[in-house]
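Sequence and predicted structure are below.
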Amino acid sequence: SLGTKQGQQAFSVVFDTGSAHLIVPSELCQDEPCKVHRRFLTKESPTAVDVDADGSPVLKGQARDQITIAFGTGEVTGVFVK
C-alpha cells in the first residue's frame, strides 16, 4: 500500500523494479480498467504539480507531455505529476 503524505490518497501498488517511474491511475483515465481501481485526484492533493517529462511545470490549459509504456500484456499512456 502506498499513501500520499498530504491529501490522504492511498493506493495498492506492485513495484516494477525495472522502471524509474511509479504509475498510478489518474482521474483523467476513463477506460474501464482504470474505473475499477482507485484513481489519483490531482485536485485533492495540495502538493501535486502537473509537469512535463523534464520536470518543468505545466501551466493550466497548456499542452503537456505524454508517455506511453509498453508491457508484455499491453501498454499504458499517461502524463507526469510531481
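Yep, it's here.

for this structure, which strand is longest?
strand 74-81 (DSSP state E).

Please pull out the lowest mean pLDDT helix or strand from the chain.
None of the helices or strands of the chain scores lower by mean pLDDT, DSSP states H and E than strand 2-3, at a mean of 60.

any idea how far the nearest residue to Leu41 once chain neighbours are set aside is from Asp54?
Among residues not flanking Leu41 along the chain, Glu27 sits closest, at 5.1 Å (C-beta to C-beta, 6 or more residues apart in numbering). Every residue, glycine included, has its C-beta placed from N, CA and C. Separation of Glu27 from Asp54 (C-beta to C-beta, to the nearest Å): 24 Å.

more neighbours, the two?
For Glu27 versus Asp54, neighbours defined as other C-beta atoms under 10 Å are more numerous around Glu27 (12 against 7).

Just list the residues touching that one, thanks.
By C-beta atoms under 8 Å, 6 or more residues apart in numbering, the contact set of Glu27 is 39-43.

Am I right that Tyr33 falls within a helix?
Just to correct that, residue 33 is Pro rather than Tyr. Yes. Looking at Pro33 with DSSP: H, G, I helix; E, B strand; the rest coil, it is inside a helix.

Kindly provide the distance from the residue most central in space within the chain to Pro57.
The structure's the chain has its C-alpha centroid closest to Val24; by C-alpha atoms, centre = their mean the separation is 4.3 Å. Val24 is 19 Å from Pro57, where distance means C-beta to C-beta.

Quick check: phi and psi at Lys42.
Just to correct that, residue 42 is Thr rather than Lys. Note on Thr42: backbone dihedrals following degrees, to the nearest 10 are phi -60, psi -40.
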